[in-house]
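1. This is the structure alone, sequence omitted:
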């Protein structure tokens, strides 16, 4: 197979980014790792900048939009939605999140995208907290505490034990819903 779908290229790009960092996001390196020609790459992307923009959009889709859509599909109480969100966030590996943030340090477009995604995530958490009855100011502050816990968890060099992860989730939920 010499031509992959656009989604296959993007998913491979995200996987390689998580595994090896942003320096591997080049047509030659990606084509070689997939065992295909560069022609397949250029069938879908006009250049590497176009690919990078598509990778960032794909990350937004899988890291924000798909998560929120999944949670919002069912008519659940806000506390259940918040619990699902925190479980999803804490349960994910942090490699892609770390790689995106490392890339953002060296690229202003990526930095803007990361900032936009941070704002989307914070706004969603704030919405859930306000649905729980918290006033706007408290919801904003607590959304930052929850989100900073998520980001900080990504920086730990060791995984949490299952009971530690469960305790963290419960503590975040308890902290969030106290009026």
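-> Arrived safely, thanks for sending. A quick note: this is a predicted structure, and the numbers were derived from the prediction, not measured.
2. so residue 99 is in which element?
-> Here residue 99 is covered by helix 95-106, with elements defined by DSSP states H and E.
3. Tell me the helix or strand right after that helix.
-> Per DSSP H and E, the helix or strand that comes after helix 95-106 is helix 108-131.
4. For that next one, buried residues please.
-> Neighbour-count burial for helix 108-131 flags 110, 113-114, 117, 121-122, 124-130 (criterion: 16 or more other Cβ atoms under 10 Å). Any C-beta I mention is one placed from the backbone N, CA and C, and that applies to glycine too.
5. What segments of the chain are helices?
-> Secondary structure of the chain by DSSP state H: the helices cover 6-20, 27-34, 38-44, 48-60, 66-72, 78-91, 95-106, 108-131, 136-155, 162-177.
6. Make a markdown table out of the ones you listed and add mean pLDDT.
-> Supplementary listing: those in a markdown table, determined by pLDDT from 0 to 100:
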| stretch | mean pLDDT |
| --- | --- |
| helix 6-20 | 95 |
| helix 27-34 | 93 |
| helix 38-44 | 90 |
| helix 48-60 | 96 |
| helix 66-72 | 94 |
| helix 78-91 | 89 |
| helix 95-106 | 94 |
| helix 108-131 | 96 |
| helix 136-155 | 90 |
| helix 162-177 | 85 |
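7. Dihedrals phi and psi, residue 26?
-> Taking degrees, to the nearest 10, you get phi -130, psi 150 for the backbone angles of residue 26.
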